[in-house]
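[1] sequence plus predicted model, see below.
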Amino acid sequence: MSDSLPILTLLILIPVIGAVVVACLPRDNEGLLKMVGLTFAGVALALSVALVFDYRAEGSGFQFMSEHVWIRSFGISWKLGVDGISLFLIGLTGVLFPLAIIGPQVHKDVKGYVAWMLLLEAGCMGVFLALDLFLFFLFWELVLVPMYFLIGGWGYDRRIYATIKFFLYTMVGSALMLVGILAVVFLHQRATGNLTFDVVRLAEEQSLASSTARWLFLAFAASFAIKVPIFPVHTWLPDAHTEAPTGGSVILAGIMLKLGTYGFLRFGLYMFPQAAVDLAPLFLTLGTIGIIYGAVVATMQKDLKRLVAYSSVAHLGFIVLGVFGLSQQGLEGGVIQMVNHGLSTGALFFLVGMIYERRHTRLIAELGGIQRVAPVFAGVFMLVMLSSIGLPGLNGFVGEFLVLIGTFVTRRWWAVVATAGVILAALYLLWAYQRVFHGRPEGENATFPEMTMRERAVMAPLVALIVLLGVYPKPVLDRIAPSVRELITHVEEHSDYRQPAVAVGVADR
Amino acid sequence: MGDPLYADGINQAVILIVLGKLLVVFAFLMVSVLFMVWFERKVISDMQSRIGPDRAGPWGLLQTLADGIKLFFKEDLLPDRADRRVFHLAPYLSIVPAFAAFAVVPFGGTISIAGHRTQMQLADPPVGVLFLLAMSSIAVYGIMLAGWASGSKYPLLGSVRASAQMVSYEAAMSLAVAAAVLSAGSLSTRDIVNSQGVYRWNLWILGVVPFVVYLIAATAETNRPPFDLVEAEQELVGGFHTEYSSISFALFFLAEFMNTVTVSAVAVTLFLGGPNGPHIGFLPDLWPVVWFLGKLLCFLFVYVWFRATLPRFRYDQLMDLGWKKLIPLSLYWLLLIAALRIGRDQGWAWYYVLGGGVAVGAVAWGGLNAALRQGDAVRTAA
Amino acid sequence: MIGQLDPIVLPHVEWSLLSPELILIGGALALLVAGTFRRDRAMAASACVFTVAVAVAALVASWGLWGDVGGGAGGARLAVADAVVVDGFAIFFTVVICVSVALGALLAHGYLRQEKLEAPSFYVLMMLSASGGILMAKANDLILIFLGLEILSIALYVLAGYHQRREQSREAAIKYFVLGSFSSAFFLYGVALTYGSTGSTNLGFIAEFLSTQTVTGGVLLGGFALLLVGLGFKVAAVPFHMWTPDVYQGSPTPVTGFMAAAAKAAGFAALLRIFFSAFGTEQLDWKPIVWVLAVLSMVVGSTLAVVQTDVKRMLAYSSISHAGYILIGLQAANDRGIAGSLFYLLAYAFLIAGSFAVVAIVSRRGDLRTGLDAYRGLSRDRPALAFAFTVFLLAQAGVPFTSGFLAKFYVISAAVEARSYAIAVIAMLASVVAAFFYLRLIVVMYMAENQTMAGVGPETSTGDIESAGEGGVATAVMTRVHVPVAAAVAIGICLAFTIGAGLLPQPVIDFARHATILRL
Amino acid sequence: MDWVVFVVAGAAVLAGALGVILSTHPVHSALMLVMTLFGVAVLFVAQQAHFLAAVQIIVYAGAIVVLFLFVIMLLGVDRSENVSSEPLVGQRPVAYLAGIGVIAAIFLLARTAWVSGAASVAGAADGPGSNVEKLARSLFTRYLLAFEMTSVLLVIAVVGAVVLARHSPSGGVRGSEDAG
Amino acid sequence: MGYLDGFRITLKQMWGDRVTNVYPDEKRPKPDRFHGRHVLNRYEDGMEKCIGCELCAGVCPARCIYVRGADNPPDEPVSPGERFGFVYEINYLRCIHCDLCVEACPTEAITESKLFEFSFTDRQDAIYTKAELVVDDDGNPQKLPWEDWRPGDEQHTSAWVRATAPSGSAAYEGRVGWSGELGFGVRAPEKGQTAETDRAASAAPRKAKS
Amino acid sequence: MSVPGAWYLGLAAMLFSIGAVGLLIRRNVLIMFMCVELMLNAVNLTFVTYARMLNDIGGQVVVFFVLVVAAAEVVVGLAIIVSIFRRRADATADDISLLKG
């Protein structure tokens, strides 16, 4: 990879071009459409893989920077960059999208599905890459539209209700965030005389009064919290996930939820360190509540997909915990947990989708004994589920463990409560597994088909990654750590927070 | 400017004089209406080889009076479906503007009464001509409302015709009047009279066109033949006043002839030099009045002559004449006069201006005709 | 007698500075005269071309003026006895209105042909109306603004009722007319009170007077409150919006497009000029009123749009909410705010013209099929059309990479800069609601081919009734819509601008920014 | 004397205005409107605006209201309106309240000073020369452009009236008419 | 200039002869077949001709005639037949003087005179009753208060146009198909019905045929 | 000039309000339209009064324009009314209800 190749820009542009190309193709040739879509997503995947390998592990700050003045009079530029925090999220995006495009069966209008998917990919990439507030917001908003259409167009029965809810929640968040963005920019301009939307400059110059910053942080946080989602504003998530088509659910859970947590890191902690520190207890509390609440509610679900959705609420609670724990391990754990959750929950949604395609129901009560007739399917399900529970040796363990350690160092009691969530996760997932797969298959369950080759091909990379990250997460952590360290240092410089020595010590192992 | 009467402020004597003038004008109008009715009947019977009224008084002079008295004693009928208030109001609305318009007509020079010099003119407002136009424009109310209030269809048709007709011809009339105003540079009737010499009348100064346009438009405005579609007996059984009788009818009758007199007086004022005339040694205050009356009489005769000669227009002919001929013509003429005047002020040779004006006129006329032909073609095709 | 009067010395008339509106008026008159000589199909087609040419000529003239006044950057010129001021602001609006004329004409041709209404008078009225709008933007005198307003509105009343055979069109005309003249009266009373409290109707004089004198009386306050009411009607700000849905729905669709683009722009031109420059010193008094108007417009417009099932009506309500956004720029009362409003208006002109172009095409002959049902499956029938409409709707919703997003961003950033955080938040929330109904329409176009969406009735319900009116069998619903060439061109232009300004907005922003310098 | 004129004309104005809005019959309303117009014209004269007074009569009374009457009669819409029925419940009291409120507001706003402007900006209204002359001078200098622009307005009025009043062109779309 | 020519003519007429006369002072002789007001005739013996058959009322297009017959009192008969016109009224506000009643009358009872002055002042007076219509004892019409009679006017009252046959056929030249009448006896035949006009009248259609 | 301008202005304000109220309470389009004329007249009176009080001819010039505008408005307005009621029995606004939403 030469530096002259604008790899980050390409990461955004290639899916867009793909979407345009797909939109221009004839609508009837589904195979061609999928192939073209897969090709473009594949190119993006290749680029993101290349990015991951090309990233200098020991380097700090943003790499592969790409900056062009865009709207001069507003100080807006096309500024992209990647660091350890966003690096693997990009990788995750690159992986999940091709799978989401070819994985699930699309029953109608393949063309629209593929085109929207590619556009969605561009939006997600943009959010992770943008280093300009304006650009960030653009992509943040852009993501909503394809998602809206994916759920609204290819979703299940109550999709309209779900889309409206999803849309209203997230747009309300965006509304507050835009005002926050503009306020940051103009207050910064008033203080320094420079009109810029550049995140790095805004964060480094820290020109805001602390009380103002707290309000602005809240404005941003509102948007992120809805996206994550954090406890009281999570109610859109089960509906959206349940009603979305399989591909949509995968992307929604796998990537879009990470937009929120990523936002907390990049635009919360980075830009408003003092405010984040001040308000950390609030978010920790909400995150913990989310863990317990998500788990408890998931236990009671009758709908398998809804159960997985609620499990996301719980998992995301861990990530929030890690982020606001503000320790080296906690943050590392949070970041890697984002990737893990993307992989395991994404895989779970694929699997639930497969069940639905076979049985046209998602109700746990109507399933049963599948293990007998489809052992491979059950095995894959088991593995993914265990990853989600956080079984050592699988990826979920790494993240959760780091988060809990890190948080324990700085915020002990929250960590203690959160640990209960791990146990609950085991409870509801295993119980669900038991009900669905064990026992004697009756009725239609007796003819439950085994995994097809295509499905195996879809699941294979996910399973591989799950295992790989569980067994050997070091390369990943090596790349995350410097950026996290830098972020914590930044926070310490600009606030009264000091990381406990014990955490530092652990980090410098 | 203005009447010298008010120069020393307003006191009792002035008010008395004004009241006196008011009485004189009123009496004059009433008498002139009596005379006019007789005159018209007499002249028109002459032209139609008839005898005309000859019973009441010498040569039937008192015939109008007799008719009037008879009308006053007739029963005042109110149709069943009439709107009572408006029905009774309409005749008055008709007569007031007819009378009021005469107030600004100068009918003589300046005379002395009890040491006060005053103009022989009831009032000389600075916007006299506009006042005239205002009065002529509200004259339509009487007719419209009468027709409508009768609650009967012929009168209604008559009044709808009347409103359209009077509004249409008012434009042409105003343009013709504007020409006279342009020549005098004032809206005061007295000034307009003064701007004309003994023989140097606006009639000649402006070219005859504005006068002719005024004459035609004024005839239409007063609903006199050949523009009497409003009361066209053959079609509308008398039009707006079909349902009227007695005093109400008499008022309409009065208003109609008063209008004729007023319009003639205005024409004399605007185009025929008003009371201007050659000075004759004796009775210097009287002669202007005589000239005025003489001119007025000529004018009245012309009206009667029109009536005797011309058959009634059809409605579309009426509108065509108004909109497609008179208005363009008077507009063009006004512009031409203005151009000539500007040319004089700017020192351009008059023949260039005139030539240019004629050329423009020819083009405009051709264009208008072509457009009208096209319109007719479309209309007949549809 | 004439010798008594001193000759009147006419003021110098700077023809070149008035050239755009003179071109429009001249073009209109030429077309009117030509139209009396020939009345056939060819004439109608050339009338459309001619109108576009005139509009382009006016644009070129404005371009020339833009250079004259120093790129809009301060070399403002007064003309004709201080009656008009030619500055960047005026030229900007001239451009917006000329663009609306051109787009409106392109749109009208196919429509008029389809409805058998071809006559030059349509274009004549449109051009004259536009000249009034330009006058409003240029006027330096309240009276001239009033005259411009009336020229604009009266022509629009007629245009609204142009489709004589349609009851709705006539009704739209009368509603627009009654409420329009009502609002004119309010505006005029406002002018009167302003005149009484400042001594002149000249904006320059008023500004000067107010900057040197402290006017304590409430008459001035009443004056500009009434001015606001009058102009509020024109720009369809809540609570003066009652006419908008009915008129937008009933008017012939090209007229609606023109109305939404040009009339709104002209109304805002007057509003901005009067309040920002003449009453600039009285900001404390009028800003709260504008605040309320803006908020009400956004909230009410968006909310009511959600429940509409008729697309024209929905766009009407959305135009009300857009008026609210544009008012934010005025409320901010800073340069960025004005520039934002200008940018918004230009973007909106293209958006709404494009949107109504699509509506006109989809509503087919008779201009009736404007319900949501008519759009079902449009993406399959006419993918390009559906795509264009999607872009216009997304842009109106404020989706990134379109001009609409930047427009919203611009005005909201101005509000934030002026520290009006509350209105910024409300604006964003309103846009959430607004986005909802735009997206619903898009969903109908793309998704609802075989199944029904919420709020959309079964496919055949209205189709049968409407096609019965056309005297044919119920095939009308399924027939492919006809896309006239001119309208396609118009849509293409709008699309190009919407996306172009979304991706590379800098030139447009510069244009708007340089147009904000108001000389007074 | 001035007071007498003012009171009489003012009473006519108000009575006419009330008559317009309270008459059940359009023709009566129109007549009442004429009364108001005359009252206003008299008030114009009382304030030295002779030209405007005359024009007011010519244009308003002589043309506008005549047109109103013409239309009323032409259309035959001269039916009495049932004023007691209230289509929109509560609109009427609200309207009355609003009206009273507006009056009150205007008086309140003006309690300090009805007029605060600079004098004679566009030229003195008194002094030598007639009212018409001064008006004309102002019209053709300061308000020249506005004056010229009124021509556009009139063209629109003419074209518009023709457009609206014309009959449907041949071969109209029957369907749209019926369905509409 | 055709328009102006009209003006010249009207002006010229002012000094031309008058074609009207001063009516009440001078009366123009009335044409022979003038249709004036009706009279009800009597036979030479004074008996009324009207038998109350109501044919006139039936035929009247304006429905202005009202007749009611009654049986003749046997001792004092009013008419020669069985019945007589007991009530006979004509409303002259409606009458159009078409003469159909005269044609319909089987007994020549009703004829039209040359009296034309209907200047009554009361609408009630417009209804002429039998008392006013029937001829007096001399066979002359009754003079109504508003009628302006000149010497000899009463002579032309009875419609002796009926004396000859209506068709104008030459066969009836010189023959009188008319019963005697009170005060006048049997009238002489009408003048002017010559053989030439008859032939011309009957030849015309034949010529057209050939 | 013994009558103070404020009286005239007050009268005009009342006239304006009556017009506005009338427009709201009446359903007959023609009468609504007349109410607009009332309002315009009130404005005219205000202008003329201000012209006198400020000794400024400008106010009167404005009235001139208002008259022109009123005339143009009436022409178009009545044309609209004629076109809409050509086929209808009466002119009440309640019947104009095709466009309701």
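    Now that the structure is in, tell me what you want to look at. Residues are numbered from 1 along each chain as shown, chains lettered A, B, ... in the order given.
[2] list the helices and strands the helix or strand where residue C:155 lies packs on?
    According to DSSP states H and E, residue C:155 maps onto helix C:142-160. Secondary-structure packing of helix C:142-160 (3 or more C-beta pairs under 8 Å, 6 or more residues apart in numbering or on different chains; DSSP states H and E): helix C:120-138, helix C:167-198, helix C:218-235, helix C:253-258, helix C:264-272, helix D:144-165, helix F:58-85. Yep, even glycine has a C-beta here, placed from its N, CA and C like the rest.
[3] contacts for the fifth one?
    Read it as helix C:264-272. Here helix C:264-272 makes contact (C-beta atoms under 8 Å, 6 or more residues apart in numbering or on different chains) with C:89-90, C:93, C:96-97, C:100, C:132-134, C:136-137, C:139, C:145, C:148-149, C:152, C:228, C:231, C:234-236, C:319, C:322-323, C:326, C:329-330, C:338, C:341, C:345, C:348-349.
[4] excluding its backbone neighbours, what's nearest the spatially most central residue of chain D?
    Central residue of chain D (C-alpha atoms, centre = their mean): residue D:60, 7.2 Å from the mean position. Closest residue to residue D:60 apart from its sequence neighbours, by C-beta to C-beta, 6 or more residues apart in numbering or on different chains: residue D:37 at 4.7 Å.
[5] contact partners for the one you found?
    Applying C-beta under 8 Å, 6+ apart, the residues contacting residue D:37 are D:16, D:56-57, D:60-61, D:65, F:41.
[6] quick one: low-confidence parts of chain F?
    Along chain F, the parts satisfying pLDDT under 70 run over F:1-2, F:87-101.
[7] before we move on, back to that, how about the helices and strands packed on helix C:142-160 in CSV, adding mean neighbour count?
    Shown next, in CSV, are those (neighbours: other C-beta atoms under 10 Å in any protein chain shown):
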stretch, mean neighbour count
helix C:120-138, 30
helix C:167-198, 27
helix C:218-235, 24
helix C:253-258, 31
helix C:264-272, 28
helix D:144-165, 21
helix F:58-85, 25
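[8] so can I have TSV of the ones you listed showing distance to residue A:297?
    Converted to TSV, the helices and strands packed on helix C:142-160 look like this (distance: least, C-beta to C-beta, whole Å):
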stretch	distance to residue A:297
helix C:120-138	59
helix C:167-198	53
helix C:218-235	49
helix C:253-258	50
helix C:264-272	49
helix D:144-165	66
helix F:58-85	61
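[9] isn't residue C:291 right up against residue C:423?
    Yes: applying C-beta atoms under 8 Å, one finds residue C:291 in contact with residue C:423, separated by 6.2 Å.
[10] okay, those two: which has more neighbours?
    residue C:423 (25 against 19; other C-beta atoms under 10 Å in any protein chain shown).
[11] check which helix or strand covers that one.
    Going by DSSP H and E, residue C:423 is in helix C:421-446.
[12] what residues of that helix count as buried?
    By 16 or more other C-beta atoms under 10 Å in any protein chain shown, the buried positions in helix C:421-446 come out as C:421, C:423-446.
[13] please enumerate the strands of chain A.
    With DSSP state E as the criterion, chain A has strands at A:63-71, A:76-82.
[14] typed the wrong thing, it's chain B
    Using DSSP E, strands in chain B cover B:110-113, B:116-119.
[15] partners of the last one, with directions?
    It refers to strand B:116-119. strand B:110-113 (antiparallel) (DSSP bridges).
[16] just the CA trace of the strand it pairs with, in CSV.
    C-alpha atoms of strand B:110-113 as CSV (Å, rounded to 0.1, in the frame of the first residue of the first chain):
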residue,chain,number,x,y,z
THR,B,110,-67.7,87.4,-12.8
ILE,B,111,-70.5,89.6,-11.4
SER,B,112,-70.9,91.9,-8.4
ILE,B,113,-73.6,91.2,-5.9
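[17] what degree of burial does residue D:27 show, as a neighbour count?
    So residue D:27, with other C-beta under 10 Å, has 21 neighbours.
[18] quick one, what contacts it?
    The contact partners of residue D:27, taken as C-beta under 8 Å, 6+ apart, are B:83, B:86, B:145, B:148, D:69, D:72, D:78.
[19] looking at these, which one is closest to residue A:345?
    Lowest distance from residue A:345 to the contacts of residue D:27 (C-beta to C-beta) belongs to residue D:72, with 75.6 Å.
[20] so who does the closest one touch?
    Neighbouring residues of residue D:72 by C-beta under 8 Å, 6+ apart: D:26-27, D:30, D:78, F:30.
[21] just send those back as a markdown table, with secondary structure too.
    Formatted as a markdown table, the contacts of residue D:72 follow (DSSP: H, G, I helix; E, B strand; the rest coil):
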| residue | secondary structure |
| --- | --- |
| D:26 | helix |
| D:27 | helix |
| D:30 | helix |
| D:78 | coil |
| F:30 | helix |
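[22] so among those, where is pLDDT lowest?
    Across the contacts of residue D:72, the member with the lowest pLDDT is residue D:78, scoring 58.
[23] for residue C:281, which non-adjacent residue is spatially closest?
    residue C:210 (4.7 Å).
[24] show me the shaky parts of the chain.
    Assuming you mean chain A. A:1-4, A:59-60, A:501-509.
[25] switch to chain E, that's the one I care about
    E:1-2, E:155-178, E:188-210.
[26] follow-up on the earlier one: so which of the contacts of residue D:72 is the closest to chain A?
    Closest approach between those and chain A, by C-beta to the nearest C-beta: residue F:30, at 46.8 Å.
[27] next, count neighbours for the closest one.
    27.
[28] ok, residue E:99 next?
    Applying other C-beta under 10 Å, I find that residue E:99 has 17 neighbouring residues.
[29] that one reaches residue E:110, doesn't it?
    No: if you go by C-beta under 8 Å, residue E:99 and residue E:110 don't touch, sitting 9.7 Å apart.
[30] for the residue of chain F found nearest chain B, which non-adjacent residue is closest in space?
    Of all residues in chain F, residue F:75 sits closest to chain B, at 11.1 Å by C-beta to the nearest C-beta. Excluding its sequence neighbours, the residue lying closest to residue F:75 (C-beta to C-beta, 6+ apart) is residue D:157, at 4.3 Å.
[31] report the contact partners of the one you found.
    C:154, F:71-73, F:75-76.
[32] pick out the most distant pair among these.
    Maximum distance among the contacts of residue D:157 (C-beta to C-beta): 10.8 Å, for C:154 and F:71.
[33] re earlier: so which of the strands of chain A has the densest surroundings on average?
    strand A:76-82 (a mean of 23; mean count of other C-beta atoms under 10 Å in any protein chain shown).
[34] domain map for chain D?
    Domain ranges of chain D: D:1-79, D:127-167, per automatic domain parsing.
[35] check the offset of stretch F:37-56 from the chain's centre.
    13 Å (C-alpha atoms, centre = their mean, to the nearest Å).
[36] sorry, slip of the keys, the one I care about is stretch E:83-92.
    16 Å.
[37] just stretch C:302-322 next, same as before
    Using C-alpha atoms, centre = their mean, the offset of stretch C:302-322 from its chain centre is 16 Å.
[38] so what's residue D:138 scoring on pLDDT?
    pLDDT, residue D:138: 86.
[39] report how many residues lie close to it.
    If we define neighbours as other C-beta under 10 Å, then residue D:138 has 23 of them.
[40] ok, it - contacts?
    Per C-beta under 8 Å, 6+ apart, neighbours of residue D:138: D:122-123, F:57-58, F:60-61.
[41] for residue A:167, same thing?
    Here residue A:167 is in contact with A:144, A:148, C:432, C:435-436, C:439 (C-beta under 8 Å, 6+ apart).
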